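Visitor: Pasting a predicted model and its sequence here:
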Amino acid sequence: MFWVLLLLLAWAFAGITCTRLCLAAVRTAAVDADGTTADHGHALTLYEAAFLSGGPARVADVTMVSMARQRRLLLAHTGWATVVDPRGHDEMEQSVIGAIGPEGQSRIAPVRAAAAGAEAVGRLADGLVRAGLAVPDGARTTVADGMRQVRAAALVVLALGLTALLMPGQTGMPRLLVALWFALPLTLTLSCLAIARVEVHPYSRWASPAGQRLLGTLTRRSAGDGDGDERSFLTSVAVRGIRAIGEPELRAAFTHRDQPWRE
């Protein structure tokens, strides 16, 4: 009756992972409910839109792109950032300049990482969470992680079931009945995945449902604004990331990777 132990193990994997996914979905629903009291008239700033779309790293990207477009920061296609104007117009720009350092030149990758972790970005995130527009830090990726765990559990249940069926002389009962027993936890995991896809997807790592709605409004308004080309460009970068940059050299500055033989 060794197959019974395998069945119990299969139920343990299925039960634990499905429970975690359900709890994550409940937390996501709570964030959605909090979003009903959010300030829907809130006008998103460029930095707020960047954070809700791509998190702290996106805020750093938008800040550097904005400074580069104003010729206050030189972003070379070789992956270097050079300060032209050392006076930051706001906290975000001051964080970027501070990350570059007193020499006024640095690789873009470490500058991006340091600026993303600056206190100014943390305060921006806290304000968006309080406004009900951003997902609290502890709730980020929980649903996605839960779904990955349930998918892994489904594979484990399937493997345990096949192991029980392929072990000769261990079942003590018809193989079809053993397969049906293992089909129960497998059905549970697959059902949880299907329900999560319907009820929770799409989900965002950074923006709450209220924040996603504001992002949609901002994108439509920016697209219809024919007079604010620069603003529209930066909004596109904030929402879509560096892939929205149409200038090859500027885009190459962010995507450049050194070869091993280069210094």
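Guide: Received the coordinates, thanks. Residues are numbered from 1 along each chain as shown.
Visitor: okay, CA-based contacts and neighbour counts for the rest of this
Guide: Will do.
Visitor: Centroid-nearest residue for this structure?
Guide: With distances taken as Cα atoms, centre = their mean, the residue of the chain nearest its centroid is Arg205 (3.9 Å).
Visitor: For Arg213, see how far away that one is.
Guide: As judged by Cα to Cα, to the nearest Å, Arg205 and Arg213 stand 14 Å apart.
Visitor: got it, and Trp80?
Guide: Trp80 is 36 Å from Arg213, by Cα to Cα.
Visitor: Equivalent analysis for Met173, please.
Guide: According to Cα to Cα, Met173 and Arg213 sit 56 Å apart.
Visitor: Give me the more crowded residue out of the two.
Guide: Neighbours were counted for Met173 and for Arg213 using other Cα atoms under 10 Å; Arg213 has more, 14 against 10.
Visitor: mind checking pLDDT for that one?
Guide: We have a pLDDT of 85 for Arg213.
Visitor: ditto for Ala30
Guide: So Ala30 comes in at 66 (pLDDT).
Visitor: How about the one 5 residues further on?
Guide: As summarised for this prediction, Gly35 has a pLDDT of 52.
Visitor: okay, now the domains of this protein?
Guide: 2-37+139-199, 55-130+242-255 (automatic domain parsing).
Visitor: And the helices in the stretch 1-150 of the chain?
Guide: Ranges of helices within the stretch 1-150 of the chain are 2-35, 46-69, 91-100, 108-116, 119-130, 142-166, based on DSSP state H, counting those that start in this stretch.
Visitor: and those helices, which one's lowest on average pLDDT?
Guide: Here those differ in mean pLDDT, and the lowest is helix 2-35 at a mean of 82.
Visitor: list the helices and strands that helix packs on?
Guide: helix 142-166, helix 175-199, helix 209-223 (3 or more Cα pairs under 8 Å, 6 or more residues apart in numbering; DSSP states H and E).
Visitor: shaky segments in the stretch 151-263 of the chain?
Guide: Across the stretch 151-263 of the chain, the ranges flagged by pLDDT under 70 are 169-172, 199-204, 221-228, 257-263.
Visitor: Shouldn't the residue nearest to the centre of the chain be within a strand?
Guide: No. Looking at Arg205 with DSSP: H, G, I helix; E, B strand; the rest coil, it is coil, so not inside a strand.
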